[in-house]
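Enquirer: only the shape, not the letters, is given here:
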Ligand code: ADP
Ligand code: MG
């Protein structure tokens, strides 16, 4: 059991260029508050530089913070020794001991915990089987692929049987075709252990697949916390919508009056109170058709699945990129229509209308 709570946690790094110039500041975390329930699989999702590693390092007790509170089972975590916290931390660039075999790499931590030789053998056998590395236990790290090394790092963490497991972007060095295997491995770990998992990633698929709860980090700030369904299907704000559907959605502004939306000089029936809105639409819900909002093709980008047409309405208020089932030329005029039922409407303050 381990309940983790942080309140208004902040961390600034100061980078001194030279003695004469003042140091520049990077606010890596700003007022981050989170409750990570015991036994949950909690995913920190954010782009590069959003503060994932800094947060995980603080939770692992190897980085200090400037402001805020950090409670471990209700007790001030800065007052508890590292040994008292049952925790395993796997940093992003995990380094195995190069002269030891995989087996020895895993065994090292176990000897320190006072396990007998029989217990160590049994434990390594069990975690090796779980992580799929039984066949490579006698190899040295340099004889392993990136993915295999990552499996060893996971096995080492599992062998600790810690209450809290921290994984910093564990799939970043795994090539795309093996990601599915690793996701299944983590899903299995999640169902088999009632430990807490904290896992960071910048990939939506990983977060949606694994998370019980996820936290969206942007430039050191939390912009949303919830289950994947809550955040993805019912984004509370335009910021969350844009964050999770970056590159896979259209957003446009429009005015609703008397249940009619006016966008790019086109009228669409919509039952919303009168007012100005920003609308969000997933690519799946918009398509080229005979009728709808008139647009002009601005450029055509061929990808594996076909031509992606970038378009804009004459007044420039409705623009985006959609996959087309048929090829078209730059400059052609067409129409885009969408399923108004699946439109997300956000008020001028960014909150979503239910
Ligand atoms: P992420 O893991 O999401 O990529 P990080 O937590 O590594 O993000 O970094 C957050 C911000 O803090 C970045 O702007 C990064 O450059 C800065 N940062 C991280 N560690 C240090 C450090 N030791 N010194 C100075 N700046 C740092
Ligand atoms: Mg990082």
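Expert: Everything's here; your move. Quick caveat, the model's predicted, so the values are computed rather than measured. Ligands and ions are numbered 1, 2, ... in the order given.
Enquirer: residue furthest from the geometric center of this protein?
Expert: Relative to the centre of the chain, and counting by CA atoms, centre = their mean, the farthest-placed residue is residue 258 at 40.0 Å.
Enquirer: who's in contact with that residue?
Expert: residue 274 (CB atoms under 8 Å, 6 or more residues apart in numbering). For the C-beta atoms, the positions are set from N, CA and C on the backbone; glycine is no exception.
Enquirer: and it, how close does it get to residue 189?
Expert: Counting by CB to CB, to the nearest Å, the separation of residue 258 from residue 189 is 55 Å.
Enquirer: can you check residue 43 too?
Expert: Look at residue 43 and residue 189: by CB to CB, they are 14 Å apart.
Enquirer: and if you look at residue 8?
Expert: For residue 8, the distance to residue 189 equals 31 Å [CB to CB].
Enquirer: and for residue 153?
Expert: In terms of CB to CB, residue 153 sits 13 Å off from residue 189.
Enquirer: those two: who's more crowded?
Expert: For residue 153 versus residue 189, the count of surrounding residues by other CB atoms under 10 Å is larger for residue 153: 23 against 20.
Enquirer: find the nearest non-adjacent residue to the more buried one, please.
Expert: Leaving out its chain neighbours, the residue that sits closest to residue 153 by CB to CB, 6 or more residues apart in numbering is residue 94, at 4.2 Å.
Enquirer: phi first, then psi, for that neighbour.
Expert: Backbone geometry at residue 94, expressed as degrees, to the nearest 10, gives phi -80, psi 130.
Enquirer: for the stretch 201-350 of the chain, which spans come out with low pLDDT?
Expert: Low-confidence segments of the stretch 201-350 of the chain (pLDDT under 70): none present.
Enquirer: show me where it has strands.
Expert: Assigned by DSSP state E, counting those that start in this stretch, the stretch 201-350 of the chain shows strands spanning 213-218, 221-226, 249-257, 260-263, 266-269, 275-282, 286-289, 293-303, 306-312, 319-323, 333-338, 344-346.
Enquirer: would you mind giving those strands as JSON lines with distance to residue 207 added?
Expert: Formatted as JSON lines, the strands of the stretch 201-350 of the chain follow (distance: least, CB to CB, whole Å):
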{"stretch": "strand 213-218", "distance to residue 207": "5"}
{"stretch": "strand 221-226", "distance to residue 207": "11"}
{"stretch": "strand 249-257", "distance to residue 207": "17"}
{"stretch": "strand 260-263", "distance to residue 207": "31"}
{"stretch": "strand 266-269", "distance to residue 207": "33"}
{"stretch": "strand 275-282", "distance to residue 207": "17"}
{"stretch": "strand 286-289", "distance to residue 207": "24"}
{"stretch": "strand 293-303", "distance to residue 207": "24"}
{"stretch": "strand 306-312", "distance to residue 207": "25"}
{"stretch": "strand 319-323", "distance to residue 207": "24"}
{"stretch": "strand 333-338", "distance to residue 207": "26"}
{"stretch": "strand 344-346", "distance to residue 207": "19"}
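Enquirer: nearest to ligand 2, of those strands?
Expert: Among those, strand 213-218 comes nearest to ligand 2, with 10.5 Å by CB to the ion.
Enquirer: need the contact partners of the closest one.
Expert: Strand 213-218 is contacted from outside by 32, 34, 36-37, 40-47, 50-52, 55, 207, 222-228, 231, 239-240, 243-244, using CB under 8 Å, 6+ apart.
Enquirer: just the ones in helices from these, please.
Expert: Using DSSP state H, the members of the contacts of strand 213-218 that fall in helices are 52, 55, 207, 228, 231, 239, 240, 243, 244.
Enquirer: ligand 2 contacts on the stretch 201-350 of the chain?
Expert: Residues of the stretch 201-350 of the chain found near ligand 2 (CB under 5 Å from the ion): none.
Enquirer: about what we covered before: in a markdown table: the strands of the stretch 201-350 of the chain, plus mean neighbour count.
Expert: As requested, the strands of the stretch 201-350 of the chain are exported to a markdown table (neighbours: other CB atoms under 10 Å):
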| stretch | mean neighbour count |
| --- | --- |
| strand 213-218 | 22 |
| strand 221-226 | 18 |
| strand 249-257 | 17 |
| strand 260-263 | 17 |
| strand 266-269 | 13 |
| strand 275-282 | 18 |
| strand 286-289 | 17 |
| strand 293-303 | 15 |
| strand 306-312 | 18 |
| strand 319-323 | 17 |
| strand 333-338 | 18 |
| strand 344-346 | 21 |
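Enquirer: to residue 83, which of these lies closest?
Expert: With CB to CB, the closest approach to residue 83 among the strands of the stretch 201-350 of the chain belongs to strand 213-218: 27.7 Å.
Enquirer: cool, thanks, signing off.
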